[in-house]
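Chemist: The sequence and its predicted three-dimensional model are supplied below.
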Amino acid sequence: MIYVLLAIGIILIITGIKLKENETKRRGQAFREVMSVQERDKGEYIKLMALNQELLNRVGFIEQRTEEIINNLALIQHSVGNMLSMPDDGSKGREQEEAQDYSDVVSKIDKMMKCNMSVDEIATSLNMGKGEVLLIQRLLQK
């Protein structure tokens with residue numbers, strides 16, 4: 001009977017050791033799965049951070065270019081203003097004459113609109129296209 005109890009004890013010890021090994025393997029596998037998920041998430045986070053940095057660089061470049069364009073436009077406006085203010089040989093520049101003619105046409109169209117003349121009548125009387133008259137009319141309404 002002692003041998004039987006001894007054999008049962010040995011079998012229980014061996015079974016316990018095997019169960020403990022299986023549990024350790026399962027825990028190790030679960031741990032490895034958790035670690036792989038975390039590594040994948042970290043990789044995605046790093047990719048997102050890299051994309052964010054790239055977008056910030058692009059926005060900075062666009063802002064820099066926008067400032068350069070604005071500065072260039074200001075220089076161009078200043079140059080155009082100087083060119084328009086300089087008369088040719090003591091007379092008005094061609095650009096100034098055209099601007100004056102344009103303002104005269106605009107004032108005539110405005111007066112004719114106030115007299116309730118149709119677009120066709122205005123275009124005919126000023127020898128202009130109907131589209132030009134409509135464009136000026138819309139600009140005056142704004």
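Modeler: It's in.
Chemist: Which secondary structure state does residue 102 sit in?
Modeler: Following DSSP: H, G, I helix; E, B strand; the rest coil, the label given to residue 102 is helix.
Chemist: max-length helix in the protein?
Modeler: Counting by DSSP state H, the longest helix found in the chain is helix 2-85.
Chemist: list the helices and strands that one packs on?
Modeler: If you count contacts as 3 or more Cβ pairs under 8 Å, 6 or more residues apart in numbering; DSSP states H and E, helix 2-85 packs onto helix 94-114. (C-beta placed from N, C-alpha, C; glycine too.)
Chemist: Can you tell me which helices and strands the helix or strand following the helix it packs on packs against?
Modeler: Moving toward the C-terminus from helix 94-114, the next helix or strand (DSSP states H and E) is helix 119-126. On a contact count with 3+ Cβ pairs under 8 Å, 6+ apart, helix 119-126 meets helix 94-114, helix 130-141.
Chemist: Flag every buried residue along helix 119-126.
Modeler: Using 16 or more other Cβ atoms under 10 Å as the test for burial, helix 119-126 gives 122, 123.
Chemist: Quick one: work out the angle between it and helix 130-141.
Modeler: 110 degrees (axes from the mean of the first three to the mean of the last three Cα atoms, to 10 degrees).
Chemist: I'd like the average pLDDT over helix 119-126.
Modeler: Mean per-residue pLDDT for helix 119-126: 88.
Chemist: do the same with stretch 78-88
Modeler: The average pLDDT for stretch 78-88 rounds to 70.
Chemist: residues of stretch 16-25 that come out buried?
Modeler: Judged by neighbour count (16+ other Cβ under 10 Å), stretch 16-25 contains no buried residues.
Chemist: Please report how far residue 47 lies from residue 54.
Modeler: In this view, residue 47 and residue 54 are 11 Å apart by Cβ to Cβ, to the nearest Å.
Chemist: rewinding a little: so which of the helices and strands packed on helix 119-126 comes closest to residue 32?
Modeler: Residue 32 lies closest to helix 130-141 among these, at 71.4 Å (Cβ to Cβ).
Chemist: and the closest one, how far out from the chain's middle?
Modeler: Distance, stretch centre to chain centre, for helix 130-141: 33 Å (Cα atoms, centre = their mean, to the nearest Å).
Chemist: Ok, stretch 54-69 next?
Modeler: Averaging C-alpha positions (Cα atoms, centre = their mean) puts stretch 54-69 11 Å from its chain's average.
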